[in-house]
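Asks: Predicted model and sequence follow; I will ask about them next.
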Amino acid sequence: MIAKNLLTALATLVIVGGAPWLAMPSYATEQADERQESRDTKQEGRDAARETKEECKEGDESSRAECRQDKRDTKQDTRDTARDIKY
């Protein structure tokens, strides 16, 4: 009788103790997907910033400093968007 109760208690502990581990992989996968989406967003922003600077340099009305600032602003906007995706 004691062995049966001990076995039941042990089985209960294993089931209860293992439950949090079952949920963890799906949460970890969601985080990985969010991080990847954030990285992809930042990469697209880098490309967009590069294009913004090139377009700015082609026009004669802007100084180099203004073009650099445009590029920085574009990249910062992208970082903010990526941060919103992750958090």
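Replies: Yep, that arrived.

Asks: Quick check: which element contains the residue sitting nearest the centre point of the chain?
Replies: Geometric centre of the chain, nearest residue: Arg35, 2.4 Å, by C-alpha atoms, centre = their mean. Element membership of Arg35 [criterion: DSSP states H and E] is helix 2-58.

Asks: now swap in Glu61 and tell me
Replies: When secondary structure is defined by DSSP H and E, Glu61 falls outside every helix and strand.

Asks: Could you measure from it over to Thr81?
Replies: Separation of Glu61 from Thr81 (C-beta to C-beta, to the nearest Å): 28 Å. In this view, the C-beta of every residue, glycine as well, is placed from N, C-alpha and C.

Asks: neighbour-wise, which of the two wins?
Replies: Comparing Glu61 with Thr81 by other C-beta atoms under 10 Å, the one with more neighbours is Thr81, at 14 against 6.

Asks: Just to check, that one is in contact with Asp40?
Replies: No. When contacts are counted by C-beta atoms under 8 Å, Thr81 is not listed as touching Asp40 (11.0 Å).

Asks: I'd say Gly45 and Thr74 touch.
Replies: Yes. In this structure, Gly45 is within contact of Thr74 by C-beta under 8 Å, at 6.6 Å.

Asks: The helix or strand just after the helix holding Arg35 packs against which elements?
Replies: With elements assigned by DSSP H and E, the helix or strand that comes after helix 2-58 is helix 64-86. When contacts are defined as 3 or more C-beta pairs under 8 Å, 6 or more residues apart in numbering; DSSP states H and E, helix 64-86 packs onto helix 2-58.

Asks: rewinding a little: residue contacts, the residue nearest to the centre of the chain?
Replies: By C-beta atoms under 8 Å, 6 or more residues apart in numbering, the residues touching Arg35 are Lys86.

Asks: do Ser62 as well
Replies: Each residue near Ser62 by C-beta under 8 Å, 6+ apart is listed here: 56, 70.

Asks: where does the chain dip in pLDDT?
Replies: Applying pLDDT under 70 to the chain flags the ranges 1-4, 6-7, 10, 13-14, 16-25.
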